[in-house]
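In: pasted the sequence and its predicted model underneath.
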Amino acid sequence: MIQPLAHLALFAAVYVAAAVVCAAQLTGTQGALTPVVLLYAWSTALLAYLLDRVKLRDAWLDPADRQAHPDRFAFLFTHRRAARLLMAGAGVVSLVSGWMIHPTHPIAAAGTFATIAGVLLYAGRPRTAGGGARVKDRFVVKNLFVGAGIAGFAVLIVCIAAARRDGVGTGGYDAASISDVFSRLPRPPLLLALAFAYLTLCIYADAVLCDIDDEDSDRAHGTRTLPARFGGARAWDIAMWLRLALAASLLLWPVGPFAGRAAWAIASAAGTIALRWWRPAKIRDLVDARFGVEAACVWAVLTLPA
């Protein structure tokens, strides 16, 4: 049962939900994380991952995915109608839960459609012979696009949830514009910028690790990644040291709750070292699980009685 769930991206969606949790914990707004907020993050991510894996049409399926993940490709192709139905259901849940976060403000629902647009821009169709490179095929840009997209989504959702908790959109939902949401945020812009930068680079490092599974396929199909250019071993080192450096940087921030930053520094460093020590043959699903475990551990630490 575990592998089909992984193929259907149920665990990968947990990674994005963990990014939302991380953004809230680093900015001191964990109290704004309701089940609806987490459901919105998870369902929107599930929509994105399934759209990337099964596309909207059979003709758009990527042959590089077939080579890189033959078992996953075969499973999803066999069950593509059910997977697309699940994708549509995730989209409905995303829109409904986004509406529940803020019934009269379009920003949460807009996140659903922006996610769809981002996936289509990233690799909506396979790269054709002689065609231009997609975002997915561009060196460094590929992983930064993913990192910035997930980080921006996480910080935005935390902002909306925190703003509603602190009064914007409550008592009749009177917020009239996006500026209303951001003007009354409980945290300064510097903290939000630091959280965005941290998550972008942390997710970038994790995306580099995920590309190790695709090294041969990416090289064969012209997708330029760190593993394809420098080899898997060197990509491991780059991702590991970047993640460790980011963990250490959390202790130097001039703003934000120190408890959350310290907990994430320890959890991130421990998770990085543990995965590097393990050195699994296939790493993608474990990268997704690691971030979720780190977020759960930090949540447990921050909610312990004083």
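Out: Arrived safely, thanks for sending.

In: in the stretch 51-200 of the chain, which spans are helices?
Out: With DSSP state H, counting those that start in this stretch, the ranges of helices along the stretch 51-200 of the chain come out as 63-68, 70-78, 80-101, 107-123, 141-165, 178-183, 189-212.

In: closest to Gly292 out of those helices?
Out: Nearest to Gly292, of all the helices of the stretch 51-200 of the chain, is helix 189-212, at 11.7 Å by CB to CB. Quick note: C-beta positions are derived from backbone N, CA and C, even for glycine.

In: circling back to that earlier point, of the helices of the stretch 51-200 of the chain, which shows the lowest average pLDDT?
Out: Mean pLDDT values for the helices of the stretch 51-200 of the chain show the minimum at helix 178-183, a mean of 58.

In: could the helices of the stretch 51-200 of the chain go into TSV alongside mean neighbour count and distance to Glu294?
Out: Formatted as TSV, the helices of the stretch 51-200 of the chain follow (neighbours: other CB atoms under 10 Å; distance: least, CB to CB, whole Å):
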stretch	mean neighbour count	distance to Glu294
helix 63-68	18	26
helix 70-78	15	24
helix 80-101	18	24
helix 107-123	18	23
helix 141-165	22	14
helix 178-183	14	28
helix 189-212	21	10
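
In: in JSON lines, list those along with distance to Leu226.
Out: JSON lines is the format used below for the helices of the stretch 51-200 of the chain (distance: least, CB to CB, whole Å):
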{"stretch": "helix 63-68", "distance to Leu226": "15"}
{"stretch": "helix 70-78", "distance to Leu226": "22"}
{"stretch": "helix 80-101", "distance to Leu226": "29"}
{"stretch": "helix 107-123", "distance to Leu226": "17"}
{"stretch": "helix 141-165", "distance to Leu226": "8"}
{"stretch": "helix 178-183", "distance to Leu226": "35"}
{"stretch": "helix 189-212", "distance to Leu226": "5"}
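
In: can you tell which of these is closest to Val16?
Out: In terms of CB to CB, the element of the helices of the stretch 51-200 of the chain nearest to Val16 is helix 141-165, at 5.7 Å.

In: the inter-axis angle of the closest one versus helix 189-212?
Out: On the basis of axes from the mean of the first three to the mean of the last three CA atoms, to 10 degrees, helix 141-165 is oriented at 140 degrees to helix 189-212.

In: so what does helix 141-165 touch, helix or strand wise?
Out: On a contact count with 3 or more CB pairs under 8 Å, 6 or more residues apart in numbering; DSSP states H and E, helix 141-165 meets helix 10-26, helix 35-54, helix 80-101, helix 107-123, helix 178-183, helix 189-212.

In: at 6 Å instead, please
Out: helix 10-26, helix 189-212 (3 or more CB pairs under 6 Å, 6 or more residues apart in numbering; DSSP states H and E).

In: let's have those helices in CSV, adding distance to Leu46.
Out: What follows is these, written out as CSV (distance: least, CB to CB, whole Å):
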stretch, distance to Leu46
helix 10-26, 4
helix 189-212, 17
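
In: so which of these gets nearest Gly222?
Out: helix 189-212 (13.8 Å).

In: and the next helix or strand past the closest one?
Out: helix 215-221 (DSSP states H and E).

In: list the buried ones in the next helix-or-strand element following that next one?
Out: Using DSSP H and E, the helix or strand that follows helix 215-221 towards the C-terminus is helix 226-230. Under the neighbour-count criterion of 16 or more other CB atoms under 10 Å, helix 226-230 has Leu226, Pro227, Ala228 buried.

In: and helix 226-230, average pLDDT?
Out: Averaged over helix 226-230, pLDDT sits at 89.

In: contacts for that helix?
Out: Helix 226-230 is contacted by residues Val208, Asp211, Ile212, Glu215, Asp218, Arg219, Ala235 when judged by CB atoms under 6 Å, 6 or more residues apart in numbering.

In: likewise stretch 70-85?
Out: Contacts of stretch 70-85 (CB under 6 Å, 6+ apart): His7, Leu50, Arg53, Val54, Asp65, Arg66.

In: and the residues you listed as a markdown table, adding distance to Ala262?
Out: Shown next, in a markdown table, are the contacts of stretch 70-85 (distance: CB to CB, whole Å):
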| residue | distance to Ala262 |
| --- | --- |
| His7 | 37 |
| Leu50 | 36 |
| Arg53 | 37 |
| Val54 | 41 |
| Asp65 | 40 |
| Arg66 | 44 |
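
In: nearest to Val96, of these?
Out: Checking the contacts of stretch 70-85 one by one against Val96 (CB to CB), the nearest turns out to be Leu50, at 17.3 Å.

In: what sits closest to the closest one if chain neighbours are left out?
Out: Excluding its sequence neighbours, the residue lying closest to Leu50 (CB to CB, 6 or more residues apart in numbering) is Met87, at 3.9 Å.
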